[in-house]
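From the sequence below, what's the structure:
(one chain, ligands or ions: 1)
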Amino acid sequence: WNTLDDMDLEGKRVLTRVDINVPMEDGEVTDATRIERIAATVQTILDKGGKPVLLAHFGRPKGERRADMSLQPLIPTMEAVLGVEVVFASDCIGPAAAAVIDGLGENQVALLENTRFHAGEEKNDPELVAGMAALGDVYCSDAFSAAHRAHASTTGLAHALPACAGRLMQAELEALEGALGTPARPVLAVVGGAKVSTKLDLLGNLVEKVDMLVIGGGMANTFLAAKGIDVGKSLAEHEMTGTAKEIMAKAETAGCRIILPTDVVVAREFKEGAENETVPADACPSDAMILDAGPDSVAAVIAAIDEAETLIWNGPLGAFEIAPFDAATNAAAKHAAERSELGKLVSVAGGGDTVAALNKAGAASGFSYISTAGGAFLEWMEGKTLPGVAALEA
Ligand code: 3PG
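Model (predicted):
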């Protein structure tokens, strides 16, 4: 695929699909990471004499024009973070948007209203694609985190205009390719989270690609149960134990070492500071639940991190939201960050809760790469083709 370096942008209107689907509370952006991460693309387009025209979705309005899902309230944060003036157009097609774009001056960026206000966005409707394409000369795709959606603005436009990847898209693809495509070995994957059922494809794909796989969080309980261990009142999917066994067998055939907790922190209630004890993984009392991995298990994860050259991380190891059940996640994340800062490990993390957990551990900044993607990161790790990436290759 092309990058911004391959394109002549002088005087061109560059329709740039970004993902600024940021969390907001009471009208304020609470985490501007996704806005910060598009800065390099916006700046490159301006430096090359182009006019950045930002296209994005916000929330899931399902084809309805909803005031609570307008992109307009993001403007003050965007202007502060990007250091540009943002001019808003209340629709992503039509004459009003065209007028805003025509009127763009130096250091100005156009922001077009939520693409998902049109039902055609999610259907990749050719009419909507044509309406948006009429507003630009070049298409730049910088929304890796929305690339698992085959929508008008993520895939349709890539076929309608000369297309290229933006800086963030490039960085995401390079980091993930480095972690799972042609990585330095051994490769360690850490996968946590509540349920095996939501990460089945992920585990199935990883055991064939990585050398070591740490399974943590609630899903580890399902694997323990599959080994015939009584997990008491722990969160576990007992109907998935057969599947867990299949994954363990597949790992063995592929030469992937699965690392499960050998000791666990158990409690009788799930609340901050709940009374708890550490017991062997096969000794969870019948009236207690496993809420974190114990110190021996953490030591095994740390040993695996020391052995690894590459780490890919998705999901917390325990109930990281509440202390003290965040201890395993924090200790392992900090160790990975330290190894990465020493240049001994390439570490890549992504997915919904993961970045929150690493931030809480104070470890995120030490990682080699933190993806902005949630669902798209998971689908990439599952080995799926992302339509928004494939469209750039076609
Ligand atoms: C995300 O927040 O992960 C992306 O913006 C995709 O959003 P979606 O799940 O609503 O398509």
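
a helix runs through T385, doesn't it?
No - the assignment for T385 is coil, going by DSSP: H, G, I helix; E, B strand; the rest coil, so no helix is present there.

what's the burial count for it?
Per other C-beta atoms under 10 Å, the neighbour tally for T385 reads 12. Quick note: C-beta positions are derived from backbone N, CA and C, even for glycine.

go on, the one 5 residues further on?
Other residues within reach of A390 by the criterion other C-beta under 10 Å amount to 14.

likewise A251?
Neighbouring residues of A251 were enumerated by other C-beta under 10 Å; the total is 21.

do the one 3 residues further on as well
Other residues lying near A254 total 13 when counted by other C-beta under 10 Å.

Check the one 3 residues further on too.
A total of 16 residues lie near R257 under the criterion other C-beta under 10 Å.

Please give me every residue in contact with it.
D211, M212, L213, A251 (C-beta atoms under 8 Å, 6 or more residues apart in numbering).

From those residues, pick the one nearest the ligand.
Ranking those by separation from the ligand, with C-beta to the nearest ligand atom as the measure, puts L213 on top at 24.2 Å.

Name the nearest residue to A376, ignoring sequence neighbours.
On the basis of C-beta to C-beta, 6 or more residues apart in numbering, the spatially nearest residue to A376 that is not a chain neighbour turns out to be H148, at 4.3 Å.

wait, the one you found sits on A390?
No - H148 lies out of contact with A390 (C-beta atoms under 8 Å); the separation is 10.7 Å.

For the stretch 1-150 of the chain, which residues are neighbours of the ligand?
Taking C-beta under 6 Å from any ligand atom as the test, the list of the stretch 1-150 of the chain residues beside the ligand reads D19, N21, R60, S145, A146, R149.

Drop the exposed ones from those and show what's left.
Burial by neighbour count, 16 or more other C-beta atoms under 10 Å: within these this picks out D19, N21, S145, A146, R149.

for this protein, what helix or strand is lowest in average pLDDT?
For the chain, using mean pLDDT, DSSP states H and E, the weakest element among its helices and strands is helix 352-360, scoring a mean of 87.

Return the set of buried residues in that helix.
With the criterion 16+ other C-beta under 10 Å, helix 352-360 contains buried residues D353, T354, V355, A357, L358, K360.

Next secondary structure after that helix?
Sequence-wise, the next helix or strand beyond helix 352-360 is strand 369-370, with elements assigned using DSSP states H and E.

The helix or strand following that following strand packs against which elements?
Where DSSP H and E defines the elements, the next helix or strand beyond strand 369-370 is helix 375-381. Helices and strands touching helix 375-381, by 3 or more C-beta pairs under 8 Å, 6 or more residues apart in numbering; DSSP states H and E, are helix 167-176, helix 200-209, strand 310-314.

Swap in 7 Å and give it another go.
For helix 375-381, the packing partners by 3 or more C-beta pairs under 7 Å, 6 or more residues apart in numbering; DSSP states H and E come out as helix 200-209, strand 310-314.

now, of those, which is deepest in the fold?
Relative to the other members of those, strand 310-314 carries the highest mean neighbour count by mean count of other C-beta atoms under 10 Å, namely a mean of 26.

got a list of contacts for that one?
Around strand 310-314, the neighbours that count as contacts under C-beta atoms under 7 Å, 6 or more residues apart in numbering are 179-180, 183-184, 187-191, 305, 336, 345-351, 354, 377-378, 381.

Same check on stretch 21-34?
Outside of stretch 21-34, the residues within contact range by C-beta under 7 Å, 6+ apart are D19, I20, I35, H57, F58, P73, L74, T77, V81, T372.

Those residues: which two are farthest apart?
Pairwise distances among the contacts of stretch 21-34 were taken by C-beta to C-beta; the largest, 19.9 Å, belongs to P73 and T372.

Now do the helices in the stretch 1-150 of the chain.
For the stretch 1-150 of the chain, applying DSSP state H, counting those that start in this stretch gives helices covering 33-36, 39-47, 75-82, 95-102, 119-123, 126-133.

Give me the three-state assignment for L317.
Reduced to three states by three-state DSSP, L317 is coil.

For it, give its distance to A274.
Separation of L317 from A274 (C-beta to C-beta, to the nearest Å): 18 Å.

neighbour count winner among the two?
Taking L317 and A274 together and counting by other C-beta under 10 Å, L317 has the greater number of neighbours (31 against 17).

Wait, that one touches G193, no?
No - using C-beta atoms under 7 Å, L317 and G193 do not qualify as a contacting pair, with a distance of 9.5 Å.

Quick check: neighbours shared by those two?
Residues touching both L317 and G193 comprise G217, with contact defined as C-beta under 7 Å, 6+ apart.

Please, which helix or strand holds A249?
A249 is part of helix 241-254 when elements are defined by DSSP H and E.

With A158 instead?
Under the criterion DSSP H and E, the helix or strand holding A158 is helix 157-160.

Pretty sure H118 sits against L128.
Yes - under the criterion of C-beta under 7 Å, H118 makes contact with L128 at 5.3 Å.

residues near the residue of the stretch 151-300 of the chain found nearest the ligand, how many?
At 8.2 Å from the ligand, H151 is the closest residue in the stretch 151-300 of the chain, using C-beta to the nearest ligand atom. Burial of H151 is recorded as 25 neighbouring residues (other C-beta under 10 Å).

Now L358. Nearest residue, chain neighbours left out?
A364 is the one closest to L358 (C-beta to C-beta, 6+ apart), at 4.1 Å.

Next, the contact list for the one you found, please.
For A364, the contact set (C-beta under 7 Å, 6+ apart) comprises V355, L358, I370.

Any chance of a markdown table for the residues you listed, columns distance to A331?
Rendered in a markdown table, the data for the contacts of A364 read as follows (distance: C-beta to C-beta, whole Å):
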| residue | distance to A331 |
| --- | --- |
| V355 | 18 |
| L358 | 12 |
| I370 | 19 |
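
Thanks again, I'm all set now.
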